[in-house]
Structures are given as C-alpha cells and as structure tokens.
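> Predicted model and sequence follow; I will ask about them next.
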Amino acid sequence: MGKSEANLRCDEGNARLMELKEGLNKMSLTVNRDYLSTFLTNRLIEINQVLDQCPITQTGLIAKNYLGTGNEFEMRVPRARFQDYKITFDQPFTEVPNVAVSLAGFDLDTEIPAVAALVPQVTESDFTLRVYLVPYARLYSVQVSYLATLPSSSGIYPKLHMVDYEHDKEFSTKAESVGPRSLEKKLAPPTDFQNSGVVGVVTFLNGCSFGAGADPRLKVSVSEVTPTDFTLRYSTAGSTRFLSAVTYNLIYKTTDRIVNDATEAAPEKGSTFYKGFGSRSQTVPSLSLGVFNTKPEIFTGLFAFDFTTGYGYRVSQNMDLKYDNGPATADLSFETNGDSKVNLVKSSIFYTCHNRLC
C-alpha cells in the first residue's frame with residue numbers, strides 16, 4: 001500500500017532534518033558566521049513547516065466480538081488468559097508515542113465480571129493491545145478506545161495506575177466491605193509538567209474485576225489537582241465485591257497553539273436506556289468542541305458504571321465526530337441490550353489537536 005500524502009510530508013521533514021545534520025558535520029569552522037546563521041534559520045523554518053503537519057496525537061476505537069465464535073474468552077477456564085492485537089496508526093509518528101487505552105464498552109459474564117485492556121508494546125507506527133481475563137472470567141465482546149500522543153508536543157501525559165486488593169493492604173480492608181467506601185491515591189505529574197503547571201487531569205477506566213454475587217459498581221474520579229499532584233479516587237457502594245481496577249489518567253495542559261480539554265457524558269436519568277428489555281440506546285446532547293484548523297482527535301471511555309447483579313452486564317458507545325473546516329461537534333450514543341439492568345453509566349471525553357496546526 002502506498003504512503004499517504006501526509007506520511008510523505010513527514011518523511012520529507014525527517015529527511016530535511018537529517019540533511020541539515022549532515023551538512024553541519026561537513027562544514028568547516030571557517031565558514032562565514034552570517035552565512036551559517038542564515039542557512040540554519042531558513043532550514044529550520046522549512047523543516048518546522050513540514051513537521052507541523054505531522055501527527056502529535058491520534059485516537060481510535062477497537063471492537064472485538066467473541067460471542068458464538070468458539071474463542072477461548074467465551075469459556076470458563078481456571079487460568080488467566082490474554083489475547084494480543086496489533087493496532088496500526090493511520091499515520092506513523094516521528095518518534096515512539098505514549099499510548100493510553102480505555103474500556104468504551106463490554107459484554108461481561110455475570111458470575112466473574114472482569115476484563116482489562118493493556119498496552120505491552122509501542123512503536124512509531126503501531127502498538128499492541130492486550131485484552132486480559134482473570135481465571136474463570138468470560139468475555140463476549142469488548143470495545144477499547146485509544147489515544148497515542150507525543151507529550152512534548154501535545155502537552156498530554158498518560159499516567160497508568162493500578163489497585164489490587166491482594167497487594168494493597170488499605171484496599172483489602174475495603175474490597176469486600178458493605179456500604180459506601182472509597183480508596184484515594186495521591187499521584188504526581190512528570191517533572192516538566194510540574195514546572196509549567198497542569199491545567200487538568202481526566203481519568204479513564206481500562207480494567208476492573210469484581211467478585212460474584214453482588215452488583216458490579218465502580219466510579220473513578222479526580223480531585224484536588226495542583227501543579228505538583230492530584231487525588232485519584234476509586235469508589236463503590238452496597239455489597240459490591242470490588243477486587244481490582246486499572247486506570248489511565250491524562251494529565252494535560254493547554255498552550256497558545258494546542259487545545260486540550262475534557263468533559264463527561266451519560267444517558268439521561270430515568271430514560272428508556274435504564275428501563276425495559278431488548279435493544280436500547282440514547283444519544284446525549286451534541287457536544288461543541290470549538291474551532292480547529294484541522295480535524296481534532298477525540299478519546300472517550302468509561303469512568304463509572306453500576307449494574308444489577310444476575311442480569312447482563314452490557315454497554316457500548318458510538319462517537320460521531322463532525323468537522324466542517326473550523327467548528328467541530330461530537331455526538332455520543334450509549335447502547336445496551338437483552339436483559340441488562342443498567343443503573344448508571346458515565347464516560348469521560350477528551351479532545352485535542354491532531355497536529356501543531358491546531
């Protein structure tokens with residue numbers, strides 16, 4: 001398959017950068033300083049004009065179905081399992097990006113509800129998505145959204161965090177208790193983000209597991225954001241047997257060139273989405289993202305849900321991004337089906353620039 005025009009431009013920018021480095025190595029120290037200064041200035045302007053068009057952030061959604069396929073994930077197996085998928089970016093990055101993933105939807109077994117989406121490997125052109133199940137868990141389908149970014153250019157830093165009742169003494173006392181309870185962790189942005197100040201932090205759930213026989217419910221949230229740290233909170237209630245969770249937390253800042261912002265969305269309380277039987281869906285009010293010079297990137301994933309035990313644990317999302325050479329809007333719809341009894345579902349939505357021409 002031939003390279004796209006955008007990819008060719010990025011290749012051209014990198015080639016010019018290498019040409020500049022080779023030219024400097026060959027230059028004699030006796031070269032006229034005025035000539036050298038003009039040469040460097042002009043070459044750097046040309047290179048930056050090309051590199052400005054290269055991607056600094058890319059997003060996407062991956063859907064995998066296992067129901068009726070004979071896949072091992074459908075079966076109750078007494079060991080942990082995982083399956084890896086190679087995901088290729090629409091455009092290669094100029095360097096290895098940081099990648100965050102989030103659960104956007106799933107159809108989980110009602111006995112051992114558990115699933116995690118992980119990223120064991122990343123290159124400039126692709127990454128490996130790993131879908132992981134604990135022993136005895138079954139998975140019928142999963143939706144995973146991803147965000148790949150160059151933090152030094154985008155002002156976005158994904159930070160992974162995990163909690164597990166078997167390895168966290170504070171958590172183990174709360175995991176199988178009864179009633180409202182939460183676990184709080186203080187996390188810090190990277191040093192270069194601390195020096196420039198952090199605009200915000202938004203959290204996405206990319207894995208969780210619950211014990212059998214109780215409603216699976218969980219909410220992850222962020223508070224007390226400062227330039228040096230923030231509080232990440234995992235909350236549950238009732239008789240829920242909350243055993244583990246994995247989150248990606250996007251620490252972000254905004255500059256005069258790059259727009260980074262976040263919001264959240266959920267089906268309206270009391271709507272048909274939460275009632276009845278069979279296929280049900282609801283689209284939340286259209287989100288206005290602002291004006292962009294190029295089509296923006298959007299990343300959405302779950303941060304809260306609550307299901308009634310014994311019924312299907314099913315939810316999925318569909319994001320429709322509209323861009324008209326300036327204004328950008330997004331329509332997010334939630335779907336469920338069968339006998340699922342959904343009491344709550346909420347998603348984080350993060351939007352940003354595709355390149356530095358934002």
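Thanks, I have it.
> pLDDT value on the closest residue in space to Ser125 that isn't next to it in sequence, please?
Leaving aside its sequence neighbours, Ser125 sits nearest to Pro92 (Cβ to Cβ, 6 or more residues apart in numbering; 4.3 Å). In short, each C-beta sits where N, CA and C put it, glycine included. Listed pLDDT for Pro92 reads 94.
> SS state for Pro92?
Using DSSP: H, G, I helix; E, B strand; the rest coil, the three-state assignment for Pro92 comes out as coil.
> Quick check: phi and psi at Lys159.
Per-residue torsions, Lys159: phi -120, psi 120 (degrees, to the nearest 10).
> which stretches of the stretch 201-350 of the chain have low pLDDT?
Under the criterion pLDDT under 70, the flagged ranges of the stretch 201-350 of the chain are 256.
> What distance do you get for Thr300 to Gln317?
Thr300 sits 6 Å away from Gln317, going by Cβ to Cβ, to the nearest Å.
> which neighbours do those two share?
Residues within reach of Thr300 and of Gln317 at once, by Cβ atoms under 8 Å, 6 or more residues apart in numbering, are Ala104, Leu332, Ser347.
> in the sheet, who's paired with the last one?
With beta bridges defined as DSSP bridges, Ser347 has these partners: Ala265, Leu302.
> picking up where we left off before, closest one of the shared contacts of Thr300 and Gln317 to Lys253?
Ser347 (22.5 Å; Cβ to Cβ).
> Does the closest one touch Gly301 like I think?
Yes - contact criterion Cβ atoms under 8 Å: Ser347 and Gly301 qualify, at 6.2 Å.
> For the two, list the residues in contact with both.
Common neighbours of Ser347 and Gly301, counting by Cβ under 8 Å, 6+ apart, are Ala104.
> where do the strands sit along the stretch 201-350 of the chain?
Along the stretch 201-350 of the chain, the segments classed as strands by DSSP state E, counting those that start in this stretch run 217-223, 230-236, 242-252, 261-265, 280-283, 287-291, 297-307, 313-323, 327-336, 342-352.
> Asn71: which of those is closest?
Between Asn71 and these, the shortest gap by Cβ to Cβ is with strand 313-323, which sits at 17.3 Å.
> Now do the closest one against strand 287-291, angle only.
Relative orientation of strand 313-323 versus strand 287-291 (axes from the mean of the first three to the mean of the last three Cα atoms, to 10 degrees): 30 degrees.
> What pairs with strand 313-323, parallel or antiparallel?
Strand 313-323 pairs in its sheet with strand 98-108 (antiparallel), strand 327-336 (antiparallel), by DSSP bridges.
> Which one, of the strands of the stretch 201-350 of the chain, ends up nearest to Leu61?
Across these (criterion: Cβ to Cβ), the nearest stretch is strand 313-323, sitting at 7.2 Å.
> related to what we said a few turns ago, of all the strands of the stretch 201-350 of the chain, which one is nearest Thr69?
Closest of the strands of the stretch 201-350 of the chain to Thr69 is strand 313-323, at 16.9 Å (criterion: Cβ to Cβ).
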